[in-house]
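Colleague: please work out how this folds:
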Amino acid sequence: MAAGAQSVPAAGVDDHVQFRNGRVEALPAPDGAVDCVISNGVINLIPDKTAVFREVARVLRPGGRLAIADIVTERQLASSIVCNVDLWASCIGGAAQESAYRQAIEDAGLRVEQVRANPYEFLSDGARGATTTYGVKSISLLATK
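Modeller: A predicted model of the protein is given here:
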């Protein structure tokens, strides 16, 4: 087992799964060593999404998968949204336009296989307003290397 990795014996997958502590822009894994990278609503909080997807492509083995759920937009967000702390906390302020998000994944060398919209409703009035104005939505995406 790699340094910093933890096994998961209670789940019965200790020979197949490792959890590693690290930053998404600098994954603690060697090139081509990972079968699958999963993320649930984290990438929209990272300013440099291109670096994230390059790093994912670096660690994935050929045929490896990226499976994510994230918040994206149909239209580019206004600076008043991007600079709003409450909307960052609502996972909206850092959301990328879906077309740019997908392009960053493909530019990193991954192939987007499937995208689907998730049923999702924001709680705050500001978040609901951004949803209506900018087409903010939750998606699930599967990509392969």
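Colleague: rest of the way, CA atoms for contacts and neighbours
Modeller: Will do.
Colleague: quick one: low-confidence parts of the chain?
Modeller: Counting by pLDDT under 70, the chain contains low-confidence residues at 1-14.
Colleague: what about the helices in it?
Modeller: Per DSSP state H, the chain carries helices over the ranges 49-59, 79-82, 85-89, 98-107, 125-134.
Colleague: now do the longest strand that the chain contains against helix 125-134, angle only.
Modeller: Assignment by DSSP state E gives strand 60-73 as the longest strand of the chain. Computed by axes from the mean of the first three to the mean of the last three Cα atoms, to 10 degrees, the angle separating strand 60-73 from helix 125-134 equals 100 degrees.
Colleague: how about strand 60-73: buried residues?
Modeller: Neighbour counts over strand 60-73 (16 or more other Cα atoms under 10 Å) mark 60-61, 64-73 as buried.
Colleague: which one among the residues you listed gets closest to E121?
Modeller: For those, the closest approach to E121 (Cα to Cα) belongs to I71, at 11.3 Å.
Colleague: beta partners for that closest one?
Modeller: Counting by DSSP bridges, I71 forms beta bridges with S138.
Colleague: look up how far R102 lies from it.
Modeller: Separation of I71 from R102 (Cα to Cα, to the nearest Å) stands at 12 Å.
Colleague: and the residue nearest to A69 when sequence neighbours are not counted, what is it in contact with?
Modeller: Setting aside the residues directly before and after it, A69 is nearest to S140 in space (Cα to Cα, 6 or more residues apart in numbering), at 4.2 Å. Shown in contact with S140 (Cα atoms under 8 Å, 6 or more residues apart in numbering): 67-70, 115-118.
Colleague: which of these sits closest to V52?
Modeller: Nearest to V52 among those: I68, at 12.3 Å, using Cα to Cα.
Colleague: run a quick neighbour tally on the residue nearest to P62 when sequence neighbours are not counted.
Modeller: Counting by Cα to Cα, 6+ apart, K145 is the residue found nearest to P62 once chain neighbours are left out, at 5.4 Å. Neighbour count for K145, taken as other Cα atoms under 10 Å: 21.
Colleague: was I right to think K145 contacts V56?
Modeller: No: with contacts counted by Cα atoms under 8 Å, K145 stays clear of V56, the gap being 9.4 Å.
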